[in-house]
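Asks: Based on what follows, work out the 3D shape:
(one chain, ligands or ions: 1)
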Amino acid sequence: MTAPRKVRKAVIPAAGLGTRFLPATKAVPKEMLPIVDVPTIQLVIDEAVRAGITDIIVVNGRHKAAIEDHFDHAYELEHTLRERGNGKLADEMAAIAKMARLHSVRQKQPLGLGHAVLCAREAVGGEAAAVLLGDDLVDNDRDPAIAQLARVYEETGAGAVMVMEVPAGKEHMYGIVAGDMVPAGNGAGRMRIREMVEKPKPGTAPSRWAIVGRYVLPPSIWGHLENTKPGAGGEIQLTDGLYELAKSSEGLYGVVVEGVRHDAGDKLGYLRANLAYALKRPALRDAVLELCREMLEAAGAK
Ligand code: G1P
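Replies: Numbering: from 1, shown residues only. So this is what the prediction gives:
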C-alpha cells in the first residue's frame, strides 16, 4: 500500500533543556514560555492545524506533564470560569484541548535533533511528517509556513525545508544549504538542494541560505536518519540525515517561505516576537506603541 501524499502528522521536538532561558526553564519547559499570553508551542501547533495536520507527536524529555496538561481539558478551571460568568474564556480553554490529537514519545537521551525526530518514527508510521521547531515562529495568518512546504511535497513527492538568507557572519548558527533555484509556479521560490552543512565553521559556509525550523520529511528519511553518525557538536543532526536524502535520487527542496520569522529561542528574538505579536492585537496595539515611546524617552534614546 502506498502512503497518501498528504501531510497529516507533525513532529515537534520538545526535549531540550532550555538552557538559554534559565532560570525560567528550570521547572517549566521552554515550549510553554508565552508569547504575550499564549505558550510558544500552542502557536506552533496552531500553525500545523491550520495547515490541515491532525496528529501532533511531541518528542518529550523532562517536563512532559506541563505540555500534556495544557492540551488536555481543565474541567475545574472551565467550570469555575463559567460560574463566574466568563463563558467565552472557558470556551477558549476547551478549544485548546480539541486542537489536534496529541501523542507523546520520549527521547531518553539528548543525542541531537536528528535523534529526537527519529524517536517519532513509530508514531508517524509509513507516511510523510512535518517537523516544526518551537524556537522558530513563522507568522503568516493566511498561508501557514508548514502548508507552503506541504504543498511542495504533495506536488513533487520530495521533502522540503524552509530556507532563509541570513546575514554574512551568522552562517555558523544554522544548517546551511546550497543549490540551484528552480521556477516555482505558485509564488514561493524553490531550490534543488545540492549541499548541506550543519553549523559550518566561520568562513566555510557554501551560501547564506539557512534552514529555519520547518521541514516536511518523506518516509524515506528514516533510513537515512538511522545511519546518521554524530556530527556538529557531537550530536546526531537532522541536517546530516537530510543531506543523504538530498544526494539520493529523491532529492530535497529548499523553499523560501512567505511569512515573518522570529527566533524565539534567543532572548532578543523572544522579546521581539512578544512585541510583534502584541502589536497584532487590536486591544493592545496602541498601548504597546505608547509604552515603547515612553521607554525610549526614559532611556534617553533619540
Ligand atoms: C536547529 C537546526 C539547524 C537550523 C536551526 C534553526 O539548530 O539544527 O539546522 O538552522 O535549528 O531553525 P539549533 O538552533 O537548534 O541549534
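
Asks: Excluding chain neighbours, give the residue nearest to the closest residue to the ligand within the stretch 201-302 of the chain in space.
Replies: As assessed by Cβ to the nearest ligand atom, the ligand sits closest to residue 213 within the stretch 201-302 of the chain, at 3.6 Å. C-beta coordinates here come from the backbone N, C-alpha and C atoms, glycine included. Once flanking residues are discounted, residue 213 sits nearest to residue 133: 2.9 Å by Cβ to Cβ, 6 or more residues apart in numbering.

Asks: swap in residue 136?
Replies: In space, and not counting its chain neighbours, residue 136 is closest to residue 213: 3.4 Å by Cβ to Cβ, 6+ apart.

Asks: looking at this, the one you found is in a strand?
Replies: Yes - under DSSP: H, G, I helix; E, B strand; the rest coil, residue 213 sits within a strand.

Asks: Just the helices from the stretch 1-150 of the chain, written as ranges.
Replies: Taking DSSP state H, counting those that start in this stretch, the helices of the stretch 1-150 of the chain run over residues 40-50, 64-70, 75-83, 87-97, 113-118, 121-124, 145-156.

Asks: Out of the ones you listed, which one sits most buried?
Replies: helix 113-118 (a mean of 25; mean count of other Cβ atoms under 10 Å).

Asks: which helices and strands sit right next to that helix?
Replies: Applying 3 or more Cβ pairs under 8 Å, 6 or more residues apart in numbering; DSSP states H and E, we find helix 113-118 packed against strand 9-14, helix 221-226, helix 238-247.

Asks: Could you export the ones you listed as TSV, including mean pLDDT, mean neighbour count and distance to the ligand?
Replies: Shown next, in TSV, are these (pLDDT from 0 to 100; neighbours: other Cβ atoms under 10 Å; distance: least, Cβ to the nearest ligand atom, whole Å):
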stretch	mean pLDDT	mean neighbour count	distance to the ligand
strand 9-14	97	26	9
helix 221-226	97	19	13
helix 238-247	98	23	5
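
Asks: and of these, who's closest to residue 201?
Replies: Residue 201 lies closest, by Cβ to Cβ, to one member of the helices and strands packed on helix 113-118: helix 238-247, at 14.5 Å.

Asks: burial of the closest residue to the ligand within the stretch 51-200 of the chain, as a residue count?
Replies: The stretch 51-200 of the chain approaches the ligand most closely through residue 175 (2.5 Å), counting by Cβ to the nearest ligand atom. Neighbours of residue 175 under the rule other Cβ atoms under 10 Å: 25.

Asks: That one contacts residue 235, doesn't it?
Replies: No - using Cβ atoms under 8 Å, residue 175 makes no contact with residue 235, being 12.0 Å away.

Asks: Done for today, thanks.
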